[in-house]
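In: Sequence below, structure please.
(one chain, ligands or ions: 1)
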Amino acid sequence: MKLIALMGSPRKGGNTDLLTDAFIEGAHAEGAECEKIYLDDLNIRPIGPVGDDWSMRSDLRLDDDARGVFDRLITADIVVFASPVYWQGVTGQLKCLADRFSAYYMAPWLREGMEGAGFFVVTAWGHPTSDESHWVTEPIKAWARGFKARYLGDVGAAVAKWGEVAQLPDALAEARDKGADAVRTMRA
Ligand SMILES: Cc1cc2nc3c(=O)[nH]c(=O)nc-3n(C[C@H](O)[C@H](O)[C@H](O)COP(=O)(O)O)c2cc1C
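Out: Reported below is the predicted structural model:
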């Protein structure tokens with residue numbers, strides 16, 4: 001069982017990162033081999049101009065790191081999309097990568113590689129009184145439908161300051177439990 005987490009927050013040790021570590025801890029305890037990719041460390045450009053004919057599309061920006069991430073993603077049984085809410089959506093780091101799917105959307109290697117994978121979302125948001133998680137979870141639910149992947153669920157917390165979630169043991173425990181659950185679900 002292989003798990004790859006795409007870390008969309010640029011804050012190492014930030015809230016999404018710590019929740020993802022807890023999720024990974026739970027998954028690892030259930031026997032999963034886990035890898036976390038910090039998207040902000042990579043060079044992933046926006047997609048650039050594409051033609052209207054899907055079958056004629058090619059990746060105009062093959063010289064950056066997007067294709068290398070996809071090559072790893074297609075080997076994963078569980079993909080964790082980890083992103084805080086930024087301006088009512090996922091971070092630019094994750095959005096740039098997701099848009100790049102469209103250069104390969106019809107490619108059999110990508111479609112077959114993603115089909116049946118489990119998608120899980122880890123998020124954090126700063127708004128103190130309303131649950132803003134839907135800005136991140138809803139698009140990724142749609143990505144799962146688009147790839148015929150399986151949406152396994154999500155975990156998140158309302159926390160604004162860098163690493164603040166470390167003070168919320170219940171949120172970390174929930175992430176850990178959901179990591180273990182995700183592996184058990186995919187194994188069943
Ligand atoms: C550019 C930017 C945009 C943000 N937009 C929102 C938002 O729309 N709604 C919200 O509740 N919090 C918003 N926040 C707050 C973050 O979601 C919050 O601080 C979160 O804990 C950051 O997670 P991280 O530590 O994993 O980076 C924003 C923060 C930044 C830096």
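In: Give me the number of neighbouring residues for residue 101.
Out: 18 (other CB atoms under 10 Å). Where C-beta positions appear, they are placed from N, C-alpha and C, glycine not excepted.
In: quick one, helices of the protein?
Out: 15-29, 66-73, 92-100, 108-114, 134-147, 169-187 (DSSP state H).
In: Stretch 174-188 close to the ligand?
Out: No: using CB under 6 Å from any ligand atom, we find that stretch 174-188 stays clear of the ligand, coming within 12.5 Å at best.
In: Contacts only, for the residue nearest to the spatial centre of the chain.
Out: What sits nearest the mean C-alpha location of the chain, by CA atoms, centre = their mean, is residue 81, with 1.1 Å. Residues near residue 81 by CB atoms under 8 Å, 6 or more residues apart in numbering: 6, 8, 90, 94, 119-122, 136, 140, 143.
In: Which single one of those is nearest to residue 71?
Out: Using CB to CB, the shortest approach to residue 71 within the contacts of residue 81 belongs to residue 6, at 13.5 Å.
In: pLDDT at that closest one, what is it?
Out: pLDDT, residue 6: 99.
In: What separation is there between the residue nearest to the centre of the chain and the ligand?
Out: Between residue 81 and the ligand the distance is 13 Å, computed by CB to the nearest ligand atom, to the nearest Å.
In: phi, psi of residue 43?
Out: phi -100, psi 100 (degrees, to the nearest 10).
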